[in-house]
Structure formats: C-alpha cells, structure tokens
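[1] need a structure here:
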Amino acid sequence: MGLSIGDGIIVVALAAAFLGFFYFQHRDRQRRLEIIHQERLAAMDKGIPLPELPMDPPMLPKPPDPLIQGIILLALGTGSMIALSLISSARTYWPMPLPLALIGLGQMLYYFLTVHREH
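    Below you'll find the model as predicted:
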C-alpha cells in the first residue's frame with residue numbers, strides 16, 4: 001500500500017493552510033499592536049495619562065474534566081476488550097486494555113466523589 005503523489009499534494013496543501021492561518025493571525029495581532037501603540041503615543045502627546053496594558057492577557061488553559069476523560073477511557077478500554085475477544089486469533093489478549101478501562105472508571109469515581117461535590 002504505497003502512497004501516491006496525490007496524497008503528498010494533500011499533505012502539503014494542509015500544511016500550507018495551517019501555516020497561512022497562523023501567519024495571518026500573527027499579522028493581524030501585529031497590526032492591532034501597532035494601532036494601540038500609535039493611539040497611546042497620541043494620548044501621551046496630549047498629556048492624557050493611560051494605564052499600562054499587558055501585551056497579551058494571560059491565557060490559562062482550562063484543565064480537562066475528569067468525567068469526560070473517564071468516559072472516554074472507559075469506552076476505549078471496554079470497546080477494545082470486546083473487539084479483542086471477538087477476534088479468534090487474539091482471544092488470549094482480550095484483558096490487555098483492562099488498565100485503560102479501570103483508569104477511566106477511577107477518574108469517573110474521582111469526579112463523583114470530589115469534583116461533583118464542589119459545584
């Protein structure tokens with residue numbers, strides 16, 4: 001199963017689309033900062049005091065919800081165990097995804113015992 005030239009063109013096109021998106025996003029941010037700088041210089045020339053502005057507001061990532069992670073891991077582990085038990089050549093390997101299912105169950109239990117009570 002070899003890759004064709006069409007597959008390579010698709011990958012290059014997707015990479016170019018992502019790079020173009022980030023480039024235009026960066027350019028818009030630079031333009032916005034230039035406008036803010038010019039406005040602040042004009043205000044300083046007129047003697048209007050302005051508060052300091054941070055360059056970028058801090059963006060704190062929201063921690064992932066343990067309930068969602070637990071559901072996904074439990075479903076992945078359970079589905080994998082079912083699929084491995086149905087394959088005749090892999091019948092002895094069906095318990096391999098059991099740790100994923102147990103981790104998912106543990107995260108769901110953690111959510112219901114601690115996080116759910118805080119709300």
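[2] And what about residue 10, helix, strand or coil?
    Using DSSP: H, G, I helix; E, B strand; the rest coil, the structure places residue 10 in helix.
[3] burial measure for it, as a count.
    11 (other Cβ atoms under 10 Å). Bear in mind the C-beta positions are built from the backbone N, C-alpha and C, glycine included.
[4] State the distance from it to residue 4.
    10 Å (Cβ to Cβ, to the nearest Å).
[5] cool, and residue 22?
    Applying Cβ to Cβ, the value for residue 22 to residue 4 is 28 Å.
[6] what ranges do the helices span in this protein?
    Remark: helices assigned in the chain by DSSP state H are 5-46, 66-86, 98-110, 116-118.
[7] of those, which approaches residue 59 most closely?
    helix 5-46 (13.1 Å; Cβ to Cβ).
[8] ok, back up a step: among the helices of the chain, which one carries the weakest average confidence?
    Note on the helices of the chain: lowest mean pLDDT is at helix 116-118, with a mean of 61.
[9] Is it correct that residue 65 is in contact with residue 111?
    Yes. Under the criterion of Cβ atoms under 8 Å, residue 65 makes contact with residue 111 at 7.5 Å.
[10] of the two, who's got more company?
    Ranked by neighbour count (other Cβ under 10 Å), residue 65 and residue 111 place residue 111 first, with 18 against 12.
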